[in-house]
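Novice: Below is the sequence, then the predicted model.
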Amino acid sequence: MLEAACERAQSVLLDRAFFSLDADQFEQFLAALDAPPTPNVGLERLMAIEAPWDTGTT
């Protein structure tokens with residue numbers, strides 16, 4: 001039963017992870033991957049927070 005559930009879950013995830021593109025769409029996809037990331041203020045704020053385990057306090 002557990003094996004069947006795991007196989008089904010894997011199948012569902014693979015269906016969502018696989019997509020097909022024509023040549024033009026694939027070029028656009030590659031361009032988006034190669035483009036520099038856009039600024040993300042929220043991520044910058046998050047990364048500026050010092051982790052509790054790095055501060056020396058508990």
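Specialist: Everything's here; your move.

Novice: where does the chain have low pLDDT?
Specialist: 15, 17, 56-58 (pLDDT under 70).

Novice: burial of residue 14, as a residue count?
Specialist: 9 (other Cβ atoms under 10 Å). Quick note: C-beta positions are derived from backbone N, CA and C, even for glycine.

Novice: any idea how far residue 20 is from residue 29?
Specialist: Per Cβ to Cβ, to the nearest Å, residue 20 is found 11 Å from residue 29.

Novice: neighbour count winner among those two?
Specialist: residue 29 (12 against 6).

Novice: got the contact list for that one?
Specialist: Contacts for residue 29 (Cβ atoms under 8 Å, 6 or more residues apart in numbering) come out as residue 21.

Novice: That one is in what secondary structure piece?
Specialist: Residue 29 is part of helix 23-34, with elements assigned from DSSP states H and E.

Novice: Buried residues, that helix. List them.
Specialist: Residues of helix 23-34 classed as buried by neighbour count (16 or more other Cβ atoms under 10 Å): none.

Novice: who touches the next helix or strand after it?
Specialist: Heading C-terminal from helix 23-34, the first helix or strand you meet, by DSSP H and E, is helix 41-48. For helix 41-48, there are no surrounding residues in contact (Cβ under 8 Å, 6+ apart).

Novice: now with 10 Å?
Specialist: 37, 40 (Cβ atoms under 10 Å, 6 or more residues apart in numbering).

Novice: Output that helix as CSV, nothing but the C-alphas.
Specialist: In CSV, the C-alpha atoms belonging to helix 41-48 read as follows (Å, rounded to 0.1, in the frame of the first residue of the first chain):
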residue,chain,number,x,y,z
VAL,A,41,14.1,43.5,-1.6
GLY,A,42,12.5,40.9,0.6
LEU,A,43,15.2,38.3,0.0
GLU,A,44,17.9,41.0,0.6
ARG,A,45,16.2,41.8,4.0
LEU,A,46,16.0,38.2,4.9
MET,A,47,19.6,37.5,4.1
ALA,A,48,20.7,40.5,6.1
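
Novice: For it, buried residues please.
Specialist: Of all the residues in helix 41-48, not one is buried under the rule 16+ other Cβ under 10 Å.
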